[in-house]
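Trainee: sequence first, then the predicted structure, then my questions.
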Amino acid sequence: MVRSTPSRLASIVPAAGWLRGYTSVGALGSSTCVSTPRSTAVLPAFDLQCALGSSDAYAVFDLLAGAPQAVLGHEVLTLVLPVKGEPPASYTSLVVSGAPGAKEGLLTQINAVRTNLKRASLQEVPAQSHTANVLVPHFFAASFDHEESKLELITLGLIAGWDVPGPIRDAHLVSFRGTRGDNAPSFLSELLFFPSTRSILLDPDARRVAVATMQDGKSQAVFGLVTTYSIFEPRSYAAAETELLDELDRQRQARGKKPIERVGGEEVDRVLEPIMAKLTRGEMSPIGGLQEVLDTYGKKLHRAFQGVVHSTMVIDGWRPTFEGPLVELDGVAVTSKVGFFVGEGANWGQYVTYFIYMPL
C-alpha cells in the first residue's frame, strides 16, 4: 500500500469537491485508492491508501479531481512510485497481451485486450460514434485554445449519450493524441500506461462505447475520443455507505465532536429497501422517498427523525461537505442508504443518498 501525506498534497486541489486516485497493478490492472481509515483529512486535504503490485518494479499513480458540484474532473497529479528499490532510469513500451496488430481498429484492439482479461466486449453505438466524430475537431480546438466552458459543454454532451440505450449509470471519456506510422503498434500501450485510463477502457462494468478519431495528414497525428457507458444494474452500495459515514466521522472529528452511532440491520433495511426500489423504477421522487422514510420511522418508533438527501452523478469517491445537525450535534444516531433514481422518460439515472438521523 502507498499512503499520501495530507499536509504536503493539499495545495494540489485547492477547491476540490471530489477526487479519485488510481494506481497501476501488474501489466494491465488498476486499483482505485480509498480514504485512509480514521484519517482526519477534509478536502482540499486528502489522505489515500492505494494498492500496489508486489512484483511490480514501479507503480503509476494518477489523481483526478473535480470542483464542488462538478461532474467533470481533470488529472491533477501523476507520479511514478518505486515498489522495490529505485525506479528504473528508462521505460519501455508496455506489452499489451492479447492486442492484435495496429492495422486493426482501436476498438478491436481494446476488445481483444478485454477478452484476454475475461471481460465483456464493448458494444459500439454507431449513432453515438457519429456524433462524436462530428465533435472531435471542436473538442481539440477548444482544448488547444483553453476554452474550458466549450470543452466542458462538448464533454457533457458526449457523456450524456443521447443515442445510447439506457438507463445509463455512468460514463467516462478518454481523449488522446497519437502518431501514425512505425510507432503505431505502441499506441494502445501508451494509453494503458496510465491507471486512470485503464480503469475506463478496461472497466469490467462498461458495456457500450462511442469511438471517434480524426487524422492530420500533415503531421501524421491522430486525435481521438473514446466514451464508455455503464448501464444501470442493481448492485450493493454497502461499501459506499460505510465510506460516507466514515467521512461524516472525519468531519465531526475536525469539529471536536465524537463519532456517530451507526444504525443498521434488517429492520432498517425493511423500511428503506422498498423505497429505494420505487426510486429505481421512477415511481417516487428522491424528496418523496425521504419523506416516506421519515414518516415510516416516526410511526414505528414514535420518535422524531430528520433526514438529508443528496443527488449526485458519482458515488464511488464522492465526499460531501456535511452541514447542520449532522456535524453540530454532540451525539447523533445515523443511517445512510444509497440508491439510484431514474426519472420518467430519462436516459440517465442519478445516485440518491439518504442520511437519516436522530439526536441522542
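Mentor: That came in fine, so what should we check first?
Trainee: domain boundaries for the protein, per the record?
Mentor: 1-91, 92-233, 238-359 (automatic domain parsing).
Trainee: just give me how far stretch 267-287 sits from the chain centre.
Mentor: Distance, stretch centre to chain centre, for stretch 267-287: 24 Å (C-alpha atoms, centre = their mean, to the nearest Å).
Trainee: got the domains of the chain as TSV, with mean neighbour count columns?
Mentor: (Glycine included, C-beta is placed from N, CA and C.) Formatted as TSV, the domains of the chain follow (neighbours: other C-beta atoms under 10 Å):
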stretch	mean neighbour count
domain 1-91	17
domain 92-233	17
domain 238-359	16
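Trainee: now these in JSON lines, with mean pLDDT?
Mentor: Shown next, in JSON lines, are the domains of the chain (pLDDT from 0 to 100):
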{"stretch": "domain 1-91", "mean pLDDT": "77"}
{"stretch": "domain 92-233", "mean pLDDT": "84"}
{"stretch": "domain 238-359", "mean pLDDT": "90"}
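Trainee: residue 337 pairs with what?
Mentor: residue 354 (DSSP bridges).
Trainee: quick check: it touching residue 310?
Mentor: No. Counting by C-beta atoms under 8 Å, residue 337 sits too far from residue 310 to count as a contact (11.2 Å).
Trainee: which residues does the nearest residue to residue 344 once chain neighbours are set aside contact?
Mentor: Among residues not flanking residue 344 along the chain, residue 282 sits closest, at 5.2 Å (C-beta to C-beta, 6 or more residues apart in numbering). Listed by C-beta atoms under 8 Å, 6 or more residues apart in numbering, the contact set of residue 282 reads 341, 342, 343, 344, 346.
Trainee: and for residue 284?
Mentor: 275, 278, 292.
Trainee: same question, residue 173
Mentor: 155, 158, 159, 200, 225, 226, 227.
Trainee: follow-up on the earlier one: could you export the contacts of residue 282 as JSON lines, including secondary structure and distance to residue 43?
Mentor: Shown next, in JSON lines, are these (DSSP: H, G, I helix; E, B strand; the rest coil; distance: C-beta to C-beta, whole Å):
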{"residue": "341", "secondary structure": "strand", "distance to residue 43": "25"}
{"residue": "342", "secondary structure": "coil", "distance to residue 43": "29"}
{"residue": "343", "secondary structure": "coil", "distance to residue 43": "29"}
{"residue": "344", "secondary structure": "coil", "distance to residue 43": "35"}
{"residue": "346", "secondary structure": "coil", "distance to residue 43": "30"}
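Trainee: closest to residue 38 out of those residues?
Mentor: residue 341 (32.1 Å; C-beta to C-beta).
Trainee: how about the residue located most distally from the centre of the chain, phi and psi?
Mentor: In the chain, the residue that sits farthest from the middle, by C-alpha atoms, centre = their mean, is residue 302; the gap is 39.3 Å. Per-residue torsions, residue 302: phi 60, psi 40 (degrees, to the nearest 10).
Trainee: do the same with residue 112
Mentor: Dihedral angles for residue 112 - degrees, to the nearest 10 - are phi -60, psi -40.
Trainee: then residue 333?
Mentor: phi -100, psi 130.
Trainee: and if you look at residue 230?
Mentor: Dihedral angles for residue 230 - degrees, to the nearest 10 - are phi -100, psi 130.
Trainee: so it sits right up against residue 206, yeah?
Mentor: Yes. Contact criterion C-beta under 8 Å: residue 230 and residue 206 qualify, at 5.4 Å.
Trainee: direction included, what does the helix or strand encompassing residue 228 pair against?
Mentor: Assessed by DSSP states H and E, residue 228 sits inside strand 221-231. Sheet pairing of strand 221-231 (DSSP bridges) gives strand 168-179 (antiparallel), strand 208-216 (antiparallel).
Trainee: downstream of that strand, the next helix or strand is which one?
Mentor: Taking DSSP H and E, what comes next after strand 221-231 is helix 238-254.
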